[in-house]
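**Q** sequence first, then the predicted structure:
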Amino acid sequence: MSGLGFGLMNSAFALMNILTDHIGPGTVGLKGDSHYFLLVSSLTALAFTLLNVAWSVIMSQSVEKSDKRLAIIVLVSHLLVTSVVS
């Protein structure tokens, strides 16, 4: 359940950032911004929600089976994905 919680909190913060950008008078699509900003942002939030759930399930399996390889895969993939988006 913690993966779902992390995913929902990530989506909530992403939604607040998206709405803050969208509230301004005609901010989306101006100054070279993409017209698909809202769609891409919402799909990114969805992807991170699903990734947090998957990482939580895989990490719990690695702890249950004492498999350090799975834990390392989760940590490295988490760092890679977040560095790509940040």
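**A** Perfect, I can see it now.
**Q** and residue 67, backbone torsions?
**A** With angles defined as degrees, to the nearest 10, residue 67 sits at phi -100, psi 100.
**Q** tell me what the longest helix that the chain contains is packed against?
**A** The longest helix of the chain (DSSP state H) is helix 37-65. Contacts defined by 3 or more C-beta pairs under 8 Å, 6 or more residues apart in numbering; DSSP states H and E place helix 37-65 against helix 2-23, helix 68-85. For glycine as for every other residue, the C-beta is placed from the backbone atoms N, C-alpha and C.
**Q** the ones you listed: lowest mean pLDDT?
**A** Of all these, mean pLDDT reaches its minimum on helix 2-23 (a mean of 73).
**Q** residues in contact with it: which ones?
**A** Applying C-beta atoms under 8 Å, 6 or more residues apart in numbering, the external contacts of helix 2-23 come out as 27-28, 37-38, 41-42, 44-46, 48-57.
**Q** do the same with stretch 75-86
**A** 44, 48, 51, 55.
**Q** show me which of those are buried.
**A** Neighbour counting over these (16 or more other C-beta atoms under 10 Å) leaves 48, 51, 55 as the buried ones.
**Q** do I have it right that the last one meets residue 71?
**A** No - Residue 55 is not in contact with residue 71 according to C-beta atoms under 8 Å; the separation is 10.3 Å.
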